[in-house]
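*Asks:* coordinates for the following, if possible.
(one chain, ligands or ions: 2)
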Amino acid sequence: MSIDLSIIIPIYNEQDNIPVLYNRLSKVAQSMSLSYELLFINDGSVDASLGMLIALSQSDSNVNYINLSRNFGHQIAVTAGIDNCKGDAVVIIDADLQDPPELIEDLYRKMQEGFEVVYARRRNRSGESILKKATAKIFYRILTKITTVKIPVDTGDFRILDRKVVNVLKNMPEQQKYLRGQIAWIGFNQTHIEYDRDERHAGHTGYTYSKMIRLALDGITSFSNLPLKFATIAGFVVSGITFLVALYALYARFISKDYVPGWTSLIIAVLFIGGVQLITIGIIGEYMSRVSANVRNRPLYIIDSTNTNVE
Ligand code: UDP
Ligand code: MG
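*Replies:* Ligands and ions are numbered 1, 2, ... in the order given. Predicted structure coming up:
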C-alpha cells in the first residue's frame, strides 16, 4: 500500500533529539494533511535511541523503524530507508534538527510545481567548526571541477525525492554510496530552495573526520576517474622531459664531450624506465576506471517518459 509521504531519518545516538524531532516532524506532516510515515533507521546507536523508536512506533501508527545490526554509516542508513519506504514522495532529513522539519512543507510544495528532486541548499551553517566548514567548501568545489555529473554544492542530503527517483536509486546497488552524487546523476527535473542551517539541537556529531574523509573519497571515486588518469598524464609529462634530457645527454657525450663516463647511459635508462612505468600504470588505470564503472552496475540510461512500450 502506498502513502503520500515518507520521511527517512537516520539515527545514530540521537536520544536527546528524538522527542523534539518527533514532535516537530509529526506537527509538520499532520498540517500537510497527507498520509505519511516517519521511517527511522537506527544505525547501531549505543544510547537509548532504539528503545525510544520502538516506543514511538507502538504509540503512533505513522512511525516505523528499521534497526540495523551495527553502525553502517549515514549513507547506508539512508539507503536502507530508501529501499524500504512506501511514500510517493520521500524526504531525507537529519535527526539533529540542523535541517528544520518545517521546511518539508516548502520542499513538498516546490515539488508539486513539477520537479522530481528538490534539495535544500544551505545559505549558511551555524554552530559548525571553521575547519569543517572550510574542508566541506573546498571539497565540494574540487568535486564539481573533476566530475562530469553536476553535483550541487553546499547541500547535504536534506531533500525530497519523487518515487521515480527512489525506484532508480533502488537499482543502483553500488557499494560506495554517495547519495547526492547518485541523485544528481539520475537526472529528471531538479531544483533547490535555500535555507539557513541551524545548530545541532543536542548531542554530538556522528561524523568523525575519518567518516568524512571516507565520504569524500567515495564521492570522488564514484564520480570521477581523474585520479586514475593522473598516472597517464604524469607519464607523458615525464617522458617528454626525459626526451629532452636524453637529447642533452647525447649532446654532452658526443658533441661537447663534457661528460662523466657512464652518466649518459645511466641517466637515459633511468629516465626512460621512469616514463615507461608511469605510462604503464596509466594504462592500467584506464582499464581500472572501466572495470570500476562496470562493477558499479548503474543502469546505462533512465527513461523519464515515452509513448511506446518499454521494458
Ligand atoms: N548518522 C548515522 N550514522 C552515522 C553517523 C551519523 O545514521 O554513522 C546520522 C545522524 O544520527 C544524523 C545524520 O546521520 O541524523 C547526520 O549526522 P551528524 O549530524 O552527526 O553529521 P553532521 O551534521 O555533523 O555532518
Ligand atoms: Mg548534524
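
*Asks:* up against ligand 1, what does this protein have?
*Replies:* 10-12, 14, 43, 71, 73-74, 77, 94-96, 98, 205-207 (Cβ under 6 Å from any ligand atom). Heads up, the C-betas are built off the backbone N, CA and C, glycines and all.

*Asks:* how about 5 Å then?
*Replies:* Contact residues (Cβ under 5 Å from any ligand atom) of the chain with ligand 1: 10, 12, 14, 43, 73-74, 77, 94-96, 205-207.

*Asks:* who are the contact partners of the most centrally placed residue in the chain?
*Replies:* The centroid of the chain falls nearest to residue 178 when counting by Cα atoms, centre = their mean (2.5 Å). The contact partners of residue 178, taken as Cβ atoms under 8 Å, 6 or more residues apart in numbering, are 75, 215, 218-219, 222-223.

*Asks:* I'd like those laid out as TSV, including distance to residue 190 and neighbour count.
*Replies:* Formatted as TSV, those follow (distance: Cβ to Cβ, whole Å; neighbours: other Cβ atoms under 10 Å):
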residue	distance to residue 190	neighbour count
75	19	22
215	21	20
218	21	19
219	17	23
222	18	21
223	16	21
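
*Asks:* I'd like those residues laid out as TSV, including distance to residue 166, secondary structure and pLDDT.
*Replies:* Conversion of the contacts of residue 178 to TSV gives the following (distance: Cβ to Cβ, whole Å; DSSP: H, G, I helix; E, B strand; the rest coil; pLDDT from 0 to 100):
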residue	distance to residue 166	secondary structure	pLDDT
75	15	helix	92
215	21	helix	85
218	20	helix	84
219	21	helix	84
222	19	helix	82
223	20	helix	84
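
*Asks:* what's the farthest-apart pair in those?
*Replies:* Distance extremes for the contacts of residue 178: the farthest pair is 75 and 223 at 13.8 Å, using Cβ to Cβ.

*Asks:* for the stretch 151-300 of the chain, give me the ranges with low pLDDT.
*Replies:* Residues of the stretch 151-300 of the chain that meet the criterion pLDDT under 70 lie in 300.

*Asks:* looking at the contacts of residue 178, which is nearest residue 255?
*Replies:* Distances from residue 255 to the contacts of residue 178, taken as Cβ to Cβ, are shortest for residue 223 (51.6 Å).

*Asks:* any idea how far ligand 1 is from the closest one?
*Replies:* Remark: distance between residue 223 and ligand 1 (Cβ to the nearest ligand atom, to the nearest Å) = 20 Å.

*Asks:* does that residue touch residue 149 like I think?
*Replies:* Yes. Contact between residue 223 and residue 149 holds when scored by Cβ atoms under 8 Å: they sit 5.4 Å apart.

*Asks:* could you tell me which residues touch both of these two?
*Replies:* With contacts taken as Cβ under 8 Å, 6+ apart, residue 223 and residue 149 have 181, 185 as neighbours in common.

*Asks:* what sits closest to the residue nearest to the centre of the chain if chain neighbours are left out?
*Replies:* residue 219 (4.3 Å; Cβ to Cβ, 6 or more residues apart in numbering).

*Asks:* for residue 95, same thing?
*Replies:* Per Cβ to Cβ, 6+ apart, closest to residue 95 is residue 14, 4.3 Å.

*Asks:* how about residue 169?
*Replies:* Among residues not flanking residue 169 along the chain, residue 82 sits closest, at 5.4 Å (Cβ to Cβ, 6+ apart).

*Asks:* ok, now which ones touch that neighbour?
*Replies:* 8, 90, 92, 166, 169-170.
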